[in-house]
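# can't give you the sequence, but here's the structure:
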């Protein structure tokens, strides 16, 4: 069964360092989402791509976060510099195009700890 | 996009039917209602979706009244493995925007 791949699974970084997460969506999925999930809370949408274009990044802290999806396939989310409050699970999801009634598939996530 | 409201937590026992209700404020005409399940340290997993009336699949049923301002996820005969957080994010018909609320923590007891 096709899966959304994320790496790394776990990342520990020091405050003020740069960190990057990678996501490979299910082949052919045009929509890609990045979420941040703090322990005990629901996933918060950071950025949504349609192919290579950003369609929503209203909740992305743009002073330190950036996201790209070159060629409309895999995607990278970067944080520079990392802050203690960035410690969270970062989830990537993808969704097929066409009719809206298609499910989103999530990866296993990257657990980030900033020390 | 519609904001959702759910109970923070629920408790049940093995073998019982569980109904989790979600309120959808300001749901738009072209929004679909979806439900996801999430286990600790995993990404959410799609359970079911619908637009109106009743939808049933192999794991759950979804009831949506005519005004579409709420929905109820029904889990028949729950087991310990159904202990998880359940979310009801609407999916906008425009750009497939998928916004999650706080979810409902379901605990199933022996």
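In hand now; what should we look at? On a predicted model such as this, the values are computed, not experimentally measured, just so you know.

# what about the closest residue to chain A within chain B, neighbour count?
Closest approach between chain B and chain A, counting by CB to the nearest CB: residue B:43, at 2.8 Å. Just so you know, the C-beta spots here come from the backbone N, C-alpha and C atoms, and that holds for glycine as well. Burial measure for residue B:43: 22 neighbouring residues, criterion other CB atoms under 10 Å in any protein chain shown.

# tell me the pLDDT of residue 87.
Chain wasn't specified; assuming chain A. Listed pLDDT for residue A:87 reads 98.

# correction: the question concerned chain B.
Listed pLDDT for residue B:87 reads 98.

# got the contact list for it?
If you count contacts by CB atoms under 8 Å, 6 or more residues apart in numbering or on different chains, residue B:87 has them with A:42, B:6, B:35-38, B:44, B:100-101, B:103-104.

# cool, and residue B:52?
Residue B:52 makes contacts with B:64, B:66, B:68, as judged by CB under 8 Å, 6+ apart.

# which residues touch the first one?
This means residue B:64. B:33, B:50-55, B:70-72.

# likewise the last one?
In this structure, residue B:68 makes contact with B:24, B:27, B:33, B:51-52, judged by CB under 8 Å, 6+ apart.

# out of those residues, which is nearest to residue A:1?
Nearest to residue A:1 among these is residue B:33, at 24.9 Å by CB to CB.

# just the element for the closest one, please.
Assigned by DSSP states H and E, residue B:33 falls within strand B:32-38.

# which residues are contacting that strand?
A:100-101, A:103, B:22, B:24, B:27, B:44-51, B:60, B:62, B:64, B:68, B:71, B:73, B:84-91, B:93, B:98, B:100, B:103.

# enumerate the residues of chain B near chain A.
Chain B has residues B:30, B:32, B:34, B:41-46, B:49, B:51, B:85, B:87, B:91-93, B:95-103 near chain A, with proximity defined as CB under 8 Å from any CB of the partner chain.

# which stretches of chain B form strands?
B:3-5, B:9-13, B:18-25, B:32-38, B:45-50, B:53-56, B:61-64, B:70-75, B:84-87, B:90-91, B:104-109 (DSSP state E).

# now swap in chain A and tell me
According to DSSP E, the strands that chain A contains are A:5-7, A:10-13, A:19-24, A:31-37, A:44-50, A:53-56, A:65-68, A:75-79, A:88-95, A:104-106, A:110-114.

# let's have the contacts of residue B:87 in TSV, adding pLDDT and neighbour count.
Below are those laid out as TSV (pLDDT from 0 to 100; neighbours: other CB atoms under 10 Å in any protein chain shown):
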residue	pLDDT	neighbour count
A:42	96	20
B:6	96	21
B:35	97	23
B:36	98	27
B:37	98	21
B:38	98	21
B:44	97	29
B:100	94	21
B:101	93	20
B:103	96	27
B:104	98	20
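
# need the contact list for residue A:44.
Residues in contact with residue A:44 (CB under 8 Å, 6+ apart) are A:35-38, A:59, B:100.

# who does it bridge with?
Counting by DSSP bridges, residue A:44 forms beta bridges with residue A:36.

# that one and residue B:15: what is the separation?
35 Å (CB to CB, to the nearest Å).

# can you pull the poorly scored residue ranges out of chain A?
A:98-101 (pLDDT under 70).
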